[in-house]
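# Sequence plus predicted model, see below.
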Amino acid sequence: MNTYYIKLQGDILKVGFGSTLATGDRIVRDVAAKLDEMITTGELPGGNLIKINGRVSVLVSQVLADKLGKLYDAIALLDPKIGDPGIDRYVVTISRHPQYQVGDILDMVRESQAQSNLKVVLCGFANTGKTCFREGLKQALLQIPDAPESYFISGCPDGDGSWYSETARRDPDLATELKARYKAGFSPEFAKLKAQEVRGINTPIFVFDIGGRISDANRLIMKEATHAVILVKDESEIAPWEKLCDELRLQVIAIVFSDFLGNNDVVESETPILRSRIHRLQRGEDVSQRPIIQALARLLVGLSKGE
């Protein structure tokens, strides 16, 4: 099953989207079939508690709850936003067991791994295509076999959540409506909460974008990162963001020239940092196969593995 990954490791069910892109109806059918197979073979024996670790869509969560709720007294899901270094925190979402209450947080020491936790900020001035680039990078990482777990969020209140690109591909009008509804102001409170969220996420590869200006709010959020990718429209835009990254001690690993009206993409260099030109970063389009996005995905996997 290439659309979704499911494997039991102890009392943790490791899950995640596979390398084959598919619509929700196919994914939930594949998930149901895989769970039925694991139940039939005894791989999922049932018991007091099962913890779920990995990316779960709303549709998939319904199938997991239905199937696993019949086997286990309690189910807890990893919440990557409330973790600490070395600690995974699971939130109990279903329980018929007296030891566990819905909303309980279960701490688990993360197994030591030969991986570094990367926190990569996509930065640059407005209208450089950061949201589209972020979605393409997410899909590219999912397509790399045995890639470390990755997690993506938006670090700006412009309504472009991680759901936006997929929604725009399927229903542009609905995506526009929801974006307008969710759009909010860039307040100090938002920046503080977003910085706290970035600080708490400890997946091996974590990527977020920020608003298109150099501001105190973006400084607060960006300082929680470890690495940066700068998207620009021309050479003059590079220096201000390089200066900010230097002040925050972020390693710049790529500079991408975004030309919406261009005709082709090219990776100009890979050392000492990736430099590339990319054209037409259009919301709703799948850009996961673009050369720079593929190269950056491979770089992030290598950095996470210490290569």
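Thanks, I have the structure now.
# tell me which element A76 falls in.
strand 72-78 (DSSP states H and E).
# now that strand, how far from the chain's geometric center?
Relative to the centre of its chain, strand 72-78 is centred 22 Å away, using CA atoms, centre = their mean, to the nearest Å.
# Show me the contact partners of it.
46-54, 56, 61, 64-65, 68-69, 88-97, 99-100, 104, 106 (CB atoms under 8 Å, 6 or more residues apart in numbering). All C-beta spots, glycine's among them, are computed from the backbone N, C-alpha and C.
# which of those are buried?
49-54, 56, 61, 64-65, 68-69, 88-95, 100 (16 or more other CB atoms under 10 Å).
# mind checking how far the residue nearest to L35 when sequence neighbours are not counted is from I39?
Among residues not flanking L35 along the chain, K67 sits closest, at 4.4 Å (CB to CB, 6 or more residues apart in numbering). Separation of K67 from I39 (CB to CB, to the nearest Å): 7 Å.
# Same question for I144.
Counting by CB to CB, the gap from I144 to I39 is 30 Å.
# do the same with E197
Counting by CB to CB - E197 and I39 are separated by 36 Å.
# what's the answer for R55, then?
Distance, R55 to I39, using CB to CB: 22 Å.
# Of these two, which one has the most company?
R55 (20 against 16; other CB atoms under 10 Å).
# what pLDDT does the more buried one get?
The score at R55 is 85. That number is its pLDDT.
# What ranges does the stretch 201-307 of the chain have for its helices?
Using DSSP state H, counting those that start in this stretch, the helices of the stretch 201-307 of the chain run over 216-222, 238-247, 291-304.
# I'd like those as TSV, with mean pLDDT and mean neighbour count appended.
Formatted as TSV, these follow (pLDDT from 0 to 100; neighbours: other CB atoms under 10 Å):
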stretch	mean pLDDT	mean neighbour count
helix 216-222	96	19
helix 238-247	98	15
helix 291-304	96	21
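# can you list these in TSV and add distance to Y4?
Formatted as TSV, those follow (distance: least, CB to CB, whole Å):
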stretch	distance to Y4
helix 216-222	31
helix 238-247	36
helix 291-304	19
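# Would you mind saying which of those helices lies nearest P157?
P157 lies closest to helix 216-222 among the helices of the stretch 201-307 of the chain, at 9.7 Å (CB to CB).
# Give me the helices and strands touching that closest one, please.
strand 118-123, helix 188-200, helix 238-247 (3 or more CB pairs under 8 Å, 6 or more residues apart in numbering; DSSP states H and E).
# Adding distance to S269, write these out as TSV.
Below are the helices and strands packed on helix 216-222 laid out as TSV (distance: least, CB to CB, whole Å):
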stretch	distance to S269
strand 118-123	19
helix 188-200	29
helix 238-247	14
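# Quick one: closest of these to E270.
That would be strand 118-123 among the helices and strands packed on helix 216-222, by CB to CB, at 16.7 Å.
# Return the distance of that closest one from the chain's centre.
For strand 118-123, the distance to the chain centre is 11 Å (CA atoms, centre = their mean).
# Same question for stretch 77-86.
14 Å.
# hey, C-alpha coordinates of it in CSV?
Output in CSV follows, covering the C-alpha atoms of stretch 77-86 (Å, rounded to 0.1, in the frame of the first residue of the first chain):
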residue,chain,number,x,y,z
LEU,A,77,-2.5,10.5,19.4
LEU,A,78,0.9,12.2,19.3
ASP,A,79,0.6,16.0,19.4
PRO,A,80,3.9,17.3,18.0
LYS,A,81,3.1,20.9,19.0
ILE,A,82,3.4,20.2,22.8
GLY,A,83,6.5,18.1,22.8
ASP,A,84,9.8,18.8,24.5
PRO,A,85,13.3,17.8,23.4
GLY,A,86,13.5,14.0,23.8
